[in-house]
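Visitor: Build me a model from this:
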Amino acid sequence: MRAFAVTVLTLAALAVLAGLLWSHLSPRAPYQVTAEGPVLADPSTQALISADGWYAVITGGLGLACGALAWFLGRRHQLAVLLGLGAGGVLAAFLTLWVGSTFTLGVVVVEAAATPGVKIVPGSLTLTATGVIVAWPLVAVAFFGLMEGMHGYRESPLRKPYGLG
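Guide: Numbers count the residues shown, from 1 in each chain. All right, here's what the predicted structure looks like:
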């Protein structure tokens, strides 16, 4: 139980840093303030896609690092660590999303409006491609399984059938 809890809490702590890094690196989409509320000022902006991409790169990279580190350090409690990677990865993905969208770090650039009197403001950081939220747990568990499969194959007596060397 301790290996599971340590894995989940470690991933949650890393998620706070990942959320701050995502907030720092991702651009904000410009929104035009209207009477009905904020409207996307430039429908052809790449800022929304860029935010999704940075989220996937950061969480996928951390998932890869966590999966490798968990395999090397958690050899005695493999099942607990693997379950911790899955549960902690899901928690870390949502925590990264919450921290990154709550806190604004870095430079926020707002473009000037083409029409005088129109107010342009930076939008909040969100995910438009919600499928990238599974990057952290998926990559962590998959890499852990890959490492375990390679190690199991290398140590297997079935690797050299019939006693041939």
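Visitor: With just CA atoms, put stretch 70-90 into CSV.
Guide: Extracted in CSV, the C-alpha atoms of stretch 70-90 (Å, rounded to 0.1, in the frame of the first residue of the first chain):
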residue,chain,number,x,y,z
ALA,A,70,9.0,3.6,-11.5
TRP,A,71,10.3,0.5,-13.2
PHE,A,72,13.9,1.0,-12.0
LEU,A,73,12.9,1.9,-8.4
GLY,A,74,9.8,-0.2,-7.9
ARG,A,75,11.1,-3.7,-8.7
ARG,A,76,10.0,-5.1,-5.4
HIS,A,77,6.4,-3.9,-5.5
GLN,A,78,5.6,-4.0,-9.3
LEU,A,79,1.9,-4.3,-9.1
ALA,A,80,1.4,-1.6,-6.5
VAL,A,81,3.7,0.8,-8.5
LEU,A,82,1.9,0.0,-11.8
LEU,A,83,-1.5,0.7,-10.2
GLY,A,84,0.0,3.9,-8.7
LEU,A,85,1.2,4.9,-12.1
GLY,A,86,-2.3,4.5,-13.6
ALA,A,87,-4.2,6.2,-10.8
GLY,A,88,-1.5,8.8,-10.1
GLY,A,89,-1.3,9.5,-13.8
VAL,A,90,-5.0,10.2,-14.1
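Visitor: Let me know the pLDDT of the spatially most central residue of the chain.
Guide: For the chain, T59 is the residue whose C-alpha lies nearest the centre (C-alpha atoms, centre = their mean; 2.2 Å). pLDDT, T59: 96.
Visitor: just S156 next, same as before
Guide: For S156, pLDDT reads 74.
Visitor: which residue sits closest to E148, ignoring its sequence neighbours?
Guide: W71 (6.6 Å; C-beta to C-beta, 6 or more residues apart in numbering). The C-beta positions use only the backbone N, C-alpha and C, and glycine is treated the same way.
Visitor: Pull out the buried positions in whichever helix or strand the one you found is part of.
Guide: W71 belongs to helix 47-73 when elements are defined using DSSP states H and E. Residues 47-48, 51-52, 54-56, 58-60, 62-64, 66-67, 69-71 are the ones in helix 47-73 that count as buried (16 or more other C-beta atoms under 10 Å).
Visitor: Can you name the next helix or strand after that helix?
Guide: helix 78-102.
Visitor: isn't S101 right up against G123?
Guide: No: S101 is beyond contact range of G123, at 10.3 Å (criterion: C-beta atoms under 8 Å).
Visitor: Quick check, A129 in contact with W54.
Guide: No: contact between A129 and W54 fails when scored by C-beta under 8 Å: they sit 11.8 Å apart.
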